[in-house]
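*Asks:* quick one, structure for this:
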Amino acid sequence: MLRKAWRGEERFWKVWWLLGLPLHLAWWAVYLYLWGTGVSPESFLLITIWFWPGMLGLFAACAALYLAWCTAAWRCSGNVDRRMWTYVARVLIGVGLGSFLTECVLILAAPFVSG
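*Replies:* Below you'll find the predicted structure:
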């Protein structure tokens, strides 16, 4: 399934629901846990990435996983019965990527921006 998804040959629903949903649920579980402990996720990421050895690598691995899913989902978004879902999926992927890249820039640039 992963190879077919990467090549854009898998049915879109499988990539969206069977790969994307668990990925997003895991991410949101971390976010909710951090909010529950009173720490904003952005602050946690900023502190851990810049001050804990190895966390930048973990952040990069998670980012690569998310970007790989976005790529596979984009490639497979045409494999639907109704073309409307291709457009809806691509808009949602684009919005998600925009949000993700904005967060990455803000987190990684924070130590260099004077407040």
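
*Asks:* show me where this structure has its helices.
*Replies:* 2-7, 12-13, 21-36, 41-51, 55-76, 83-109 (DSSP state H).

*Asks:* for the fifth one, give me every contacting residue.
*Replies:* Which is helix 55-76. Taking contacts as CB atoms under 8 Å, 6 or more residues apart in numbering, the residues outside helix 55-76 that touch it are 2, 5-12, 14-16, 19-20, 23, 27, 45, 48-50, 89-90, 93, 96-97, 100, 104. For glycine as for every other residue, the C-beta is placed from the backbone atoms N, C-alpha and C.

*Asks:* now do it against helix 21-36, angle only.
*Replies:* 140 degrees (axes from the mean of the first three to the mean of the last three CA atoms, to 10 degrees).

*Asks:* mind listing what's buried in helix 55-76?
*Replies:* Neighbour-count burial for helix 55-76 flags 59, 66, 69, 70, 72, 73, 74, 75, 76 (criterion: 16 or more other CB atoms under 10 Å).

*Asks:* and what of the longest one?
*Replies:* Buried positions in helix 83-109, judged by neighbour count with 16+ other CB under 10 Å: 85, 86, 89, 93, 96, 107.

*Asks:* just put those in CSV and tack on pLDDT.
*Replies:* Formatted as CSV, the buried residues of helix 83-109 follow (pLDDT from 0 to 100):
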residue, pLDDT
85, 96
86, 97
89, 97
93, 97
96, 94
107, 74
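
*Asks:* out of those, flag the one nearest to residue 34.
*Replies:* residue 107 (13.5 Å; CB to CB).
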